[in-house]
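# What follows is a predicted structure for the sequence shown.
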Amino acid sequence: MDKQNNSKPIVGFTLGDINGIGPELILQTFNHPLLLEQITPIVFGSTKVLNFYKKIMPDNTVQIQQIKDIQYAAPKQVNVINCWEEVVNILPGEITAEGGKYAAQSLLAGAKALKEKKINCLVTAPIHKKNIKSADFNFVGHTPFFQHFFEASEVIMLMVAENMKVALLTEHLSIKDVPAKITVSAIINKVTLLNKILREDFLIDKPKIAVLGLNPHNGDEGLMGKEETDIIQPAVKQLFDHQLLVFGPYSADAFFARGHHEKFDAVLALYHDQGLIPFKSLANGFGVNYTAGLSVVRTSPDHGTGFDIAGKNKADIGAFQEAIFKAVDIFRNKKMFIEQGQNALKKNVSKWVQEDNKREPAFEE
């Protein structure tokens, strides 16, 4: 894929649940031909599924090109690699075993192409966590799947919008199990990785990171819980002592209400709803879920399968489009960060060589 360095990025797409809005998002997105000037899309799924939904979209003029291999991708069409050939029963808005089965097949094919570097980044359409889970796909969502598939020791579910970035310490976990997962080492590990991601994937030289508290009013000095004083504060202090610009803990309710999130490069929320409720409220329909911490780039829109509007040509493509833009931006940032490091190394080596050449030669005995 080195030949793509000076051309358009190749962006892969998964269909998501075939009974959800994923296929419609893809078709609506590429109904605007200007995007095809910027990227070469590869959909891992089924031309039959896309054509099914295209029939209910009378104004859609997307050109679908079936290909056998990515090397044959047409630059200004929606290229589709069929992950199955059998006829599938498509039931928009219904949760079925077939919907989960083919969502998994699409996802696995896209992840494999990403791992083999046949595509530059991958944008995943929404899946349904219950019907996709099986003996062959034993994951609660995209994030743990990608962590396992790419053998990453740790990843971050990072929610990204223009006005904020929210990382999660714990993800899809029952609220009763959250406190046990909040430890000094867990916070230190997550924030250290988050700091690295902000530098390498977003090119922020000295990131400022806020850490939220767990209890109401930050525990009110121990009256409503001691996690803030016994765990979070010591973790923040250790991180700050190691030259990371980390601050907190902050009371979650006042933090977002007063707009403090805009004063930081990222916020670490301790559990799902603590971070996702304010994020989705403030992202204005353009939120992106980024699986951060991998060597590759995977994004998705910050919403679900939309079964209630599936097949009705009502899906809003705002977050899906933003997921594409963010994926391409992060891919380019990663590449730029590596190149900057290589250039700095070359400059230092050149300097060392020049200095070495200026030294007087040693006398031979």
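Looks like it arrived, so ask away.
# Run through the residues that contact F13.
Contacts for F13 (Cβ atoms under 8 Å, 6 or more residues apart in numbering) come out as I26, P41, I42, V43, F44, G45, G110, L122, V123, T124, A125. Heads up, the C-betas are built off the backbone N, CA and C, glycines and all.
# Let's see the helix or strand hosting the third one as PDB, backbone CA atoms only.
Spelled out, it's I42. Using DSSP states H and E, I42 maps to strand 40-45. Output of strand 40-45 as PDB, limited to C-alpha atoms (Å, rounded to 0.1, in the frame of the first residue of the first chain):
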ATOM      1  CA  THR A  40     -11.400   5.400  -2.200                       C
ATOM      2  CA  PRO A  41     -14.100   3.500  -0.300                       C
ATOM      3  CA  ILE A  42     -14.100  -0.300   0.100                       C
ATOM      4  CA  VAL A  43     -17.300  -1.800   1.600                       C
ATOM      5  CA  PHE A  44     -17.000  -5.200   3.200                       C
ATOM      6  CA  GLY A  45     -20.400  -6.800   2.900                       C
END
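# Give the other helices and strands that it contacts.
With contacts taken as 3 or more Cβ pairs under 8 Å, 6 or more residues apart in numbering; DSSP states H and E, strand 40-45 sits against strand 10-14, helix 22-29, strand 78-82, helix 97-115.
# Can you lay out those as TSV showing distance to S281 and mean pLDDT?
Shown next, in TSV, are the helices and strands packed on strand 40-45 (distance: least, Cβ to Cβ, whole Å; pLDDT from 0 to 100):
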stretch	distance to S281	mean pLDDT
strand 10-14	27	98
helix 22-29	22	97
strand 78-82	33	97
helix 97-115	28	97
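# P58: which of these is closest?
helix 22-29 (11.8 Å; Cβ to Cβ).
# Only alpha carbons, please: show the closest one as PDB.
Extracted in PDB, the C-alpha atoms of helix 22-29 (Å, rounded to 0.1, in the frame of the first residue of the first chain):
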ATOM      1  CA  GLY A  22     -25.600   1.000   8.400                       C
ATOM      2  CA  PRO A  23     -26.200   0.200   4.700                       C
ATOM      3  CA  GLU A  24     -28.300   3.400   4.400                       C
ATOM      4  CA  LEU A  25     -25.600   5.500   6.000                       C
ATOM      5  CA  ILE A  26     -23.100   4.300   3.400                       C
ATOM      6  CA  LEU A  27     -25.400   4.900   0.500                       C
ATOM      7  CA  GLN A  28     -26.500   8.400   1.700                       C
ATOM      8  CA  THR A  29     -22.900   9.400   2.500                       C
END
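# close enough to count as contact, W84 and A104?
No. At 11.0 Å, W84 does not count as touching A104 under the criterion of Cβ atoms under 8 Å.
# quick one, which of those two is more surrounded?
More neighbours surround A104 than the other of W84 and A104, with 22 against 15 (other Cβ atoms under 10 Å).
# contacting residues for the more buried one?
I127, I132, S134, D136, F137.
# mind redoing it with 7 Å?
Contacts for A104 (Cβ atoms under 7 Å, 6 or more residues apart in numbering) come out as I132, D136, F137.
# Looking at those, state which has the most neighbours.
Most neighbours among the contacts of A104, by other Cβ under 10 Å: I132, with 23 neighbours.
# and the residue nearest the centre of the chain, bridged to which residues?
The chain has Y290 as the residue nearest its centroid, 1.4 Å off, counting by Cα atoms, centre = their mean. On the basis of DSSP bridges, Y290 takes part in beta bridges with L158, T299.
# So what does A73 have for phi and psi?
Per-residue torsions, A73: phi -60, psi 140 (degrees, to the nearest 10).
# Run a quick neighbour tally on the nearest residue to it once chain neighbours are set aside.
Counting by Cβ to Cβ, 6 or more residues apart in numbering, the nearest residue to A73 once its immediate chain neighbours are dropped is N79, at 4.4 Å. Neighbours of N79 under the rule other Cβ under 10 Å: 21.
# Hmm, N79 is touching I64, no?
No. Counting by Cβ atoms under 7 Å, N79 does not reach I64; the two are 8.3 Å apart.
# where exactly do the helices run in this protein?
Listed in chain order, the helices of the chain (DSSP state H) span 22-29, 47-54, 97-115, 142-149, 178-181, 184-201, 227, 233-241, 252-257, 272-282, 318-358.
# Fine, thanks again, bye for now.
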